[in-house]
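Enquirer: whatever this is, show me its structure:
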Amino acid sequence: MGSWNTTIKGNDTTLDIYSNFFELYNKGAHPVDVSQQIKEDFQDYFEDSEDRNNALFGLALAQWETKCLESEVFETVKAIIENGSDIKLWIDLGADEKMLKKREKELLKFLTQISVERPKPKRRVRPKFEFSVNQLVHEAAPDHKKLFELNEEFTNQKYIHTGGIMSWHSGGGAGIVYFQGQGKKISAQWLDSQTLEITHEKGIAFTKKEERSTFYGDEVVIKYKEV
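Expert: Have a look, this model is predicted:
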């Protein structure tokens with residue numbers, strides 16, 4: 001049953017069902033399709049004697065909030081609350097009298113809530129896209145006019161690619177190196193103000209591998225060394 005308190009969403013099982021439902025719903029899936037997916041993905045929860053009630057409560061709440069509460073789900077939840085089977089389960093799990101009274105109050109409040117159709121479905125929340133980088137190289141040229149940076153780039157902590165950019169302090173810049181493969185060994189050093197040497201492990205499949213980069217006549221030659 002995991003960590004729990006007397007509120008409807010106060011346990012791991014209900015939160016798993018509820019949060020996964022809305023993860024799919026917020027991506028644009030129809031709530032009816034989401035419900036079916038949740039039932040399949042969390043079949044073990046719905047069949048487990050300790051998790052079943054909380055799984056159904058989580059599903060019922062999510063369905064009610066999206067105006068797709070199935071009559072079968074509602075009637076099952078209603079029966080669980082009215083026949084006292086959830087309270088009996090809490091007794092078996094060692095809840096004291098104080099907790100049982102609080103739980104019973106929460107259950108009745110929940111049943112009252114989902115017994116009345118919600119006026120409007122809960123609005124979808126657009127998924128957040130967080131961009132982050134893991135900097136591998138940050139090397140300024142000896143003339144202090146330009147900089148080479150190489151980063152592993154991520155969206156929502158998911159690796160996208162590794163990219164290297166040559167930028168001039170006066171405002172110019174361009175991507176010169178791109179490849180797929182997190183954790184690859186690669187480094188760079190300036191041999192002089194016009195020559196950059198990039199050293200990398202064998203087997204990297206570059207999608208971009210420029211040998212020159214220029215901005216207003218300031219040309220940089222890029223050499224590659226495989227080790």
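Enquirer: which positions in stretch 214-227 come out as buried?
Expert: If you call a residue buried by 16 or more other CB atoms under 10 Å, then stretch 214-227 has these buried ones: 215, 218, 220, 222, 224. No exception for glycine: its C-beta is placed from N, CA and C like everyone else's.
Enquirer: can you confirm the fourth one is in a strand?
Expert: Yes. With DSSP: H, G, I helix; E, B strand; the rest coil as the criterion, Ile222 is assigned to a strand.
Enquirer: can I get stretch 147-162 in CSV? Just the C-alpha atoms.
Expert: Output in CSV follows, covering the C-alpha atoms of stretch 147-162 (Å, rounded to 0.1, in the frame of the first residue of the first chain):
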residue,chain,number,x,y,z
LEU,A,147,35.1,30.8,-28.0
PHE,A,148,34.4,27.1,-28.7
GLU,A,149,31.8,25.4,-26.6
LEU,A,150,30.6,21.8,-26.8
ASN,A,151,27.5,20.6,-24.9
GLU,A,152,25.3,17.6,-24.4
GLU,A,153,21.8,19.0,-24.8
PHE,A,154,18.7,17.7,-23.1
THR,A,155,14.9,18.4,-23.1
ASN,A,156,13.1,17.4,-19.9
GLN,A,157,16.3,15.5,-18.9
LYS,A,158,16.2,13.4,-22.1
TYR,A,159,19.3,13.5,-24.2
ILE,A,160,18.9,15.1,-27.6
HIS,A,161,22.4,15.4,-29.1
THR,A,162,25.9,16.8,-28.6
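Enquirer: hmm, who's touching that stretch?
Expert: Stretch 147-162 has contacts (CB atoms under 8 Å, 6 or more residues apart in numbering) with 127-141, 163-169, 176-182, 184, 186, 188, 190, 196, 207.
Enquirer: try 7 Å
Expert: Stretch 147-162 is contacted by residues 129-141, 163-167, 177-182, 184, 186, 188, 196 when judged by CB atoms under 7 Å, 6 or more residues apart in numbering.
Enquirer: stretch 205-220 now?
Expert: Against stretch 205-220 from outside (CB under 7 Å, 6+ apart): 145-146, 166, 168, 172, 174-180, 194, 196, 221-222, 224.
Enquirer: just the ones of those residues in strands?
Expert: If you go by DSSP state E, these have 146, 166, 168, 174-179, 196, 221-222, 224 in strands.
Enquirer: give the contact list for Met99.
Expert: Shown in contact with Met99 (CB under 7 Å, 6+ apart): 6, 90.
Enquirer: no wait, Leu111
Expert: Neighbouring residues of Leu111 by CB under 7 Å, 6+ apart: 78, 81.
Enquirer: secondary structure class for Glu50?
Expert: Using three-state DSSP, the secondary structure recorded for Glu50 is coil.
Enquirer: ditto for the one 3 residues further on
Expert: Judged by three-state DSSP, the three-state class of Asn53 is helix.
Enquirer: distance check, it against Thr76.
Expert: As for Asn53, its distance to Thr76 is 10 Å (criterion: CB to CB, to the nearest Å).
Enquirer: more neighbours, these two?
Expert: Asn53 (24 against 16; other CB atoms under 10 Å).
Enquirer: would you agree the more buried one is in contact with Leu89?
Expert: Yes. With contacts counted by CB atoms under 7 Å, Asn53 reaches Leu89, the gap being 6.4 Å.
Enquirer: pull the distance from the helix ranked longest in the chain to the chain's centre.
Expert: Counting by DSSP state H, the longest helix found in the chain is helix 97-114. Counting by CA atoms, centre = their mean, to the nearest Å, helix 97-114 is centred 32 Å from the centre of its parent chain.
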